[in-house]
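**Q** Structure here, sequence nowhere to be found:
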């Protein structure tokens, strides 16, 4: 599949369609092509954050691993060295990390914590309403 004619496509609508029809079972092969075409080198901060905010709630660990291994520049705070509009701030990375923590996505949490850290107080604040959390029981309490 080639996206070469996709220049005029609305990526937001494509993501919405993927979310409604395929998530969380979208293939890594498709996402590999999709990410490479629309996000690598695009330096579009809003689009990248929209994509990451879309991706993390699906809990699709295979796609998160793909990004971590092949496209980790999307999680990096140095997303764009030429243009400061592409830089992910710590605030946005912590937002993604907090979401993974609240949803108890252990593997996603373990990947994202390599790019941004939450203090123990921030973790407890996120988990205060949670009755049980694998992350809390296995990772946070283990470090006490």
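**A** Done, it's in. Computed from a predicted structure; not experimentally measured.

**Q** what's the weakest-modelled helix or strand in this protein?
**A** One helix or strand of the chain scores below all others by mean pLDDT, DSSP states H and E: helix 11-21, with a mean of 69.

**Q** what's the next secondary structure element after it?
**A** Later in the chain than helix 11-21, the nearest helix or strand by DSSP states H and E is helix 28-38.

**Q** Now do that next one: distance to the chain's middle.
**A** 14 Å (CA atoms, centre = their mean, to the nearest Å).

**Q** which element follows that helix toward the C-terminus?
**A** Downstream of helix 28-38, the first helix or strand assigned by DSSP H and E is helix 45-58.

**Q** For that following helix, which residues meet the burial criterion?
**A** Neighbour-count burial for helix 45-58, counted by 16 or more other CB atoms under 10 Å, picks out 45, 47-49, 51-52, 55-58. Any C-beta I mention is one placed from the backbone N, CA and C, and that applies to glycine too.

**Q** Export those as TSV, with columns for distance to residue 116 and pLDDT.
**A** Converted to TSV, the buried residues of helix 45-58 look like this (distance: CB to CB, whole Å; pLDDT from 0 to 100):
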residue	distance to residue 116	pLDDT
45	16	71
47	20	76
48	15	78
49	14	80
51	17	82
52	12	85
55	16	84
56	13	86
57	17	83
58	20	82
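
**Q** Between those residues, which sits nearest residue 111?
**A** Comparing the buried residues of helix 45-58 against residue 111 with CB to CB places residue 56 closest, at 10.2 Å.

**Q** So that closest one is in contact with residue 99, correct?
**A** Yes: taking CB atoms under 8 Å as the definition, residue 56 is a contact partner of residue 99 at 5.4 Å.

**Q** Please report how far the residue nearest the centre of the chain lies from residue 137.
**A** Geometric centre of the chain, nearest residue: residue 52, 3.9 Å, by CA atoms, centre = their mean. Counting by CB to CB, to the nearest Å, the gap from residue 52 to residue 137 is 27 Å.

**Q** swap in residue 38?
**A** For residue 38, the distance to residue 137 - CB to CB - is 38 Å.

**Q** Next: residue 15.
**A** In terms of CB to CB, residue 15 sits 33 Å off from residue 137.
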